[in-house]
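> build me a model:
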Amino acid sequence: MKQLLPMFIVLLFALPASGQDQESIFAEKNEINLGFFNAFELNGNGDLGIGYKRMGDRGAFRTALGLDYSSRVIDRTNYREDQLTHTFTPRIGYEFHRDFNRLRLFYGGDVQTRFYLNSTDYTYDDPDSNRNSRSESFSVGLRPFLGLTVFVTKTVSISTETFMNIGYYQSTNEETYISSSTTYESKGMDIGLGPLGLVSVNLHF
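Residues are numbered from 1 along each chain as shown. Predicted coordinates:
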């Protein structure tokens, strides 16, 4: 399964296009991006969301919203974990374009914020050992990116991009027990690379 997507994209690269076809392919000014996932980790968690781009002569203004919600229960021999996680990631930026036949190389930068919340309840056979762990974090920074779009038709394309996060973060972790609680706070700068192949399906109109 992991080999099918790269093979499909390579085949699309080879599709011929005349100069007139190229003009019509890139004629639409609006683009909606749907569902982001990591092509090289199909069983992993993706950055699911929706994005919008407004095209100009040599680039596009872009905005996107990443959302993640997960809930899971882990049963152990003598205790149980109930985990709930929310992530909210809005961003806005600009990209530049280089067009070749049915391919579009794009690069640029976003300003991104990220809100994260995780709460875990630990329920033990001995009720006196029950506790709750809660983590909250906020970050803001720059997100340089590089990507490639393959136009299947005038109105449908597939994109893949990779990026780097450079930003400031602050987080709070709280451990709550039956009769006491402990809170830890941290903040600082963070630099990290995104997935190698974050993929989206795009609609043009």
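
> how about the helices in this protein?
Taking DSSP state H as the criterion, the chain carries its helices at 4-13, 19-25.

> what bridges to the nearest residue to residue 201 once chain neighbours are set aside?
Distances taken as CB to CB, 6 or more residues apart in numbering place residue 34 nearest to residue 201, at 5.2 Å, with adjacent residues excluded. Bear in mind the C-beta positions are built from the backbone N, C-alpha and C, glycine included. Beta-bridge partners for residue 34, by DSSP bridges, are residue 50, residue 201.

> what does residue 186 give?
Bridge pairing for residue 186 - DSSP bridges - gives residue 171.

> equivalent analysis for residue 134, please.
residue 119, residue 174.

> might you report the residue contacts of it?
Neighbour list for residue 134: 117, 118, 119, 120, 173, 174, 176 [criterion: CB atoms under 8 Å, 6 or more residues apart in numbering].

> what ranges does this protein have for its strands?
Counting by DSSP state E, the chain has strands at residues 30-38, 49-55, 59-75, 79-100, 103-124, 131-151, 156-176, 181-193, 198-204.

> how about the ones you listed, which one is nearest residue 24?
Ranking the strands of the chain by their distance to residue 24 (criterion: CB to CB) puts strand 131-151 first, at 10.1 Å.

> send me that closest one as CSV with only the CA atoms.
Written as CSV, here are the backbone C-alpha positions of strand 131-151 (Å, rounded to 0.1, in the frame of the first residue of the first chain):
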residue,chain,number,x,y,z
ARG,A,131,-5.1,10.4,39.9
ASN,A,132,-5.5,12.8,36.9
SER,A,133,-2.8,14.1,34.6
ARG,A,134,-3.6,17.2,32.6
SER,A,135,-1.3,18.9,30.0
GLU,A,136,-2.0,22.2,28.1
SER,A,137,0.3,23.9,25.7
PHE,A,138,0.3,26.9,23.3
SER,A,139,2.8,27.8,20.6
VAL,A,140,3.2,30.4,17.9
GLY,A,141,5.8,30.7,15.2
LEU,A,142,6.9,30.5,11.6
ARG,A,143,6.4,27.5,9.3
PRO,A,144,8.6,27.6,6.2
PHE,A,145,7.5,25.0,3.7
LEU,A,146,8.3,23.4,0.3
GLY,A,147,5.8,21.3,-1.7
LEU,A,148,4.7,19.9,-5.1
THR,A,149,1.2,19.8,-6.7
VAL,A,150,0.2,17.4,-9.4
PHE,A,151,-2.8,18.4,-11.5
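
> quick one: it to chain centroid distance?
Centroid separation for strand 131-151 versus its chain: 6 Å, with CA atoms, centre = their mean, to the nearest Å.

> now do that strand against strand 79-100, angle only.
Relative orientation of strand 131-151 and strand 79-100, computed by axes from the mean of the first three to the mean of the last three CA atoms, to 10 degrees: 20 degrees.

> output the lowest mean pLDDT helix or strand found in this protein.
Every helix and strand in the chain was compared by mean pLDDT, DSSP states H and E; the lowest is helix 4-13, with a mean of 46.
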